[in-house]
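I'll drop the sequence and a predicted model, then ask my questions.
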Amino acid sequence: MPELHEISYMFTKCGFGAAFIVNTFLIFLTVLHIKRIYSTYKYMVVVFASMGIVFSGWEIVARPFAHNYNKGFLYFSLSNSYDASQEFLRFAIVAYGSFYLVILAFIVVQFVYRYITLFKPVAIRKFKGKGVLVWMVYPLLAGAAFGGPLYCFGVVDEYSDEYLRGEILEKYGMAIKDLPRFAIVTYDANGHFRWRNICYLLTSISVMGSQYLIIIFCGLRMHFTMKKELGNFSVPNRRLQKQFFTALVAQTLAPTLLFVVPAAPILLGPLLDTELSIRTGMIYVLLNLYPPIDSIAFMMIVSEYKVVICELCGYLTFKSGKGSRQTSQVYSTYIT
């Protein structure tokens, strides 16, 4: 019978297939068929969908996994399909972890963009031209701020390897020295803080928390004042802005529920120093579901996508005038 982590890898590959199909379809619709999303926000939708494909594909390369054991956890790669060095695979799992923050920071960019659209529309031009470089680079900086400390503070040492060696051998049948890995063990043998590892936990929580603070600020401000601010928009545009806001909320809730909430034991468990042995790497299976789920939700929330999908289905199914009239009626239903 396959090990649990091997079963998770099968789900990872299925997740990549789903992400590739769904996000490619979203890009196709956005670029060629969607007319009411234009300029900067259209670029954002395309970039975000492309990131979902890369994120899911990179998981197949890195095969990240994690295991919590009492006052420590090991973050490691199970990849054995590539003739790659341990150094490359260590980079691969750091890049994968950083990619989550890149996605989260890109959601922050979209929240700020929507916020400015409502409250300071004149400033929208700052997102165009050279401003594109700013909102493209910011997520990369956030990802580096999340992954960099893992390289600095999560490097294994003799004590961490000795502490986790028996657990990894028992649960995975692998020698810990053979794994590309990073380790966080919060207390030494005398019960004192290992400050290097504590610094990683503090920086990672701070970087992630700062992104959520921006999202919460922009989200609450838009929620409570949206009705008043949208009074200056036309009725169709007002409805579209509300749909964009709802889509952003969904884009935030999905990774939060699929990753942040389940990941809490990984980050907080070592600090509590309780007796536990959990294959916490299974949360990456949940996170792999995010890219396709997010894109499907976006297409279902923003009505123009539903309209175009209905029209495409109508074109493929019916080639008569009746089919065209039916899809036109559906279109008028969504935009009125």
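Everything's here; your move.

can you pull out the helices in the stretch 101-250 of the chain?
Taking DSSP state H, counting those that start in this stretch, the helices of the stretch 101-250 of the chain run over residues 131-153, 158-172, 195-229, 235-255.

Let me have the ones you listed in JSON lines, adding mean neighbour count as columns.
Any C-beta I mention is one placed from the backbone N, CA and C, and that applies to glycine too. Formatted as JSON lines, these follow (neighbours: other Cβ atoms under 10 Å):
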{"stretch": "helix 131-153", "mean neighbour count": "17"}
{"stretch": "helix 158-172", "mean neighbour count": "16"}
{"stretch": "helix 195-229", "mean neighbour count": "15"}
{"stretch": "helix 235-255", "mean neighbour count": "17"}
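
if we compare these, which one ends up closest to Phe88?
Among these, helix 131-153 comes nearest to Phe88, with 13.5 Å by Cβ to Cβ.

Residues contacting that closest one, please?
Applying Cβ atoms under 8 Å, 6 or more residues apart in numbering, the external contacts of helix 131-153 come out as 40, 43-44, 47, 75, 94-95, 97-106, 108-109, 113, 125-127, 182, 196-197, 199-200, 203-204, 207-208, 211.

One more: stretch 116-126?
Against stretch 116-126 from outside (Cβ under 8 Å, 6+ apart): Thr40, Tyr113, Phe127, Gly131, Val134, Arg221, Met222, Thr225, Met226, Glu229, Leu230, Gln241.

so which helix or strand takes in the first one?
Remark: Thr40 resides in helix 39-62, with elements defined by DSSP states H and E.

Which strands and helices lie in contact with that helix?
helix 4-32, helix 86-119, helix 131-153, helix 283-288, helix 290-301 (3 or more Cβ pairs under 8 Å, 6 or more residues apart in numbering; DSSP states H and E).

Pick out the shakiest of those helices, pLDDT-wise.
Looking at those, the lowest mean pLDDT belongs to helix 283-288 (a mean of 79).

what's the closest non-adjacent residue to Ile34?
Glu304 (5.7 Å; Cβ to Cβ, 6 or more residues apart in numbering).

What strand or helix carries that neighbour?
helix 303-317.

now the angle between helix 4-32 and that helix, please.
Going by axes from the mean of the first three to the mean of the last three Cα atoms, to 10 degrees, helix 303-317 is angled at 90 degrees with respect to helix 4-32.

quick check: mean pLDDT across helix 303-317?
Here the average pLDDT along helix 303-317 is 83.

Repeat that for stretch 243-258.
So the average pLDDT for stretch 243-258 ends up being 84.

residues making contact with that stretch?
41, 100, 103-104, 107, 110-111, 114, 215, 219, 222-223, 226, 283, 286-287, 289-290, 293-294, 297-298, 301-303.

returning to that earlier point: make CSV out of the helices and strands packed on helix 39-62 and add distance to Tyr163.
Shown next, in CSV, are the helices and strands packed on helix 39-62 (distance: least, Cβ to Cβ, whole Å):
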stretch, distance to Tyr163
helix 4-32, 21
helix 86-119, 19
helix 131-153, 16
helix 283-288, 22
helix 290-301, 32
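
for those, which one sits closest to Pro262?
That would be helix 283-288 among the helices and strands packed on helix 39-62, by Cβ to Cβ, at 4.2 Å.

Can you pull out the residues in contact with the closest one?
8, 11-12, 15-16, 19, 56, 59, 64-66, 100, 255, 258-259, 262-263, 266.

Could you rerun that using 10 Å?
By Cβ atoms under 10 Å, 6 or more residues apart in numbering, the residues outside helix 283-288 that reach it are 4-5, 7-16, 18-19, 55-56, 59-60, 62-66, 96-97, 99-100, 103, 254-255, 257-266.

residues contacting the residue nearest to Phe182 when sequence neighbours are not counted?
Distances taken as Cβ to Cβ, 6+ apart put Gly154 closest to Phe182, at 3.7 Å, once the chain neighbours are dropped. In this structure, Gly154 makes contact with 73-75, 90, 94, 97, 147, 160, 181-184, 196-197, 199-201, 204, judged by Cβ under 10 Å, 6+ apart.

Please state the backbone phi and psi of Gly154?
Main-chain torsions, Gly154, degrees, to the nearest 10: phi -110, psi 10.

how far away is it from Ala123?
39 Å (Cβ to Cβ, to the nearest Å).

Report the buried residues of the helix holding Glu304.
Ser303, Glu304, Tyr305, Lys306, Val307, Val308, Ile309, Cys310, Glu311, Gly314 (16 or more other Cβ atoms under 10 Å).

Quick check: Leu74 is in a strand.
Yes - assignment of Leu74 by DSSP: H, G, I helix; E, B strand; the rest coil places it within a strand.

circling back: pLDDT at the residue nearest to Phe182, what is it?
Looking at Gly154, the pLDDT reads 91.

who touches the residue lying closest to Gly57 once chain neighbours are set aside in this structure?
Spatial nearest neighbour of Gly57, excluding adjacent residues (Cβ to Cβ, 6+ apart): Phe16 at 5.6 Å. Counting by Cβ under 10 Å, 6+ apart, Phe16 touches Ile53, Phe55, Ser56, Gly57, Trp58, Glu59, Ile60, Asn288, Pro291, Pro292.
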